[in-house]
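Peer 1: Give me coordinates for this.
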Amino acid sequence: MPAVLVTCACPDPETAGALARALVEQRLAACVQVLPGITSIYRWEGAIEQSGEVLLLAKTWDDRVEPLAATLKARHPYALPEIMAVPAAGGLAAYLEWVHAETRPAGTPESPE
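Peer 2: Numbers count the residues shown, from 1 in each chain. Next comes the predicted model:
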């Protein structure tokens, strides 16, 4: 299945919203959900850390993962942002077709414009 879910933790709602909007505007993701109020516990530079964060869930297509990740990395305030791509094992066919169409460059036969 070439649909992919990309996750990315952000430090605050403003950063998350700006990144989500950029991904959709650039057709790197069809939809990005912004989930506030998560807590991340992780080891960083030898210490256990705990941070309040906002999680992005970006729905995209496999050929858009690399440019999506590059955009996140370039715009993200973290030195090492979480960017994980998880292939979709299935889903509603019509929704997956929509994700594919929305991640095509504007004006291509597969895009709605």
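Peer 1: Check the protein for its longest helix and report it.
Peer 2: Criterion DSSP state H: the longest helix present in the chain is helix 13-25.
Peer 1: now the angle between helix 13-25 and the next helix or strand after that one, please.
Peer 2: The helix or strand immediately downstream of helix 13-25 is strand 31-44, counting by DSSP states H and E. Comparing the axes of strand 31-44 and helix 13-25 via axes from the mean of the first three to the mean of the last three C-alpha atoms, to 10 degrees yields an angle of 130 degrees.
Peer 1: number of nearby residues for A101?
Peer 2: For A101, the neighbour count with other C-beta atoms under 10 Å is 17. To be clear about C-beta, it is placed using only N, CA and C from the backbone, and glycine gets the same treatment.
Peer 1: check which helix or strand covers it.
Peer 2: Assigned by DSSP H and E, A101 belongs to helix 93-102.
Peer 1: pLDDT score for the most centrally placed residue in the chain?
Peer 2: By C-alpha atoms, centre = their mean, the chain has its centre lying nearest to A58, at 3.2 Å. A58 is assigned 98 on the pLDDT scale.
Peer 1: now P105
Peer 2: At P105, pLDDT is 85.
Peer 1: State the three-state secondary structure for it.
Peer 2: At P105 the chain is in coil, as set by DSSP: H, G, I helix; E, B strand; the rest coil.
Peer 1: and the gap between it and T60?
Peer 2: Distance of P105 to T60, given as C-beta to C-beta, to the nearest Å: 14 Å.
Peer 1: more crowded one of these two?
Peer 2: T60 (28 against 10).
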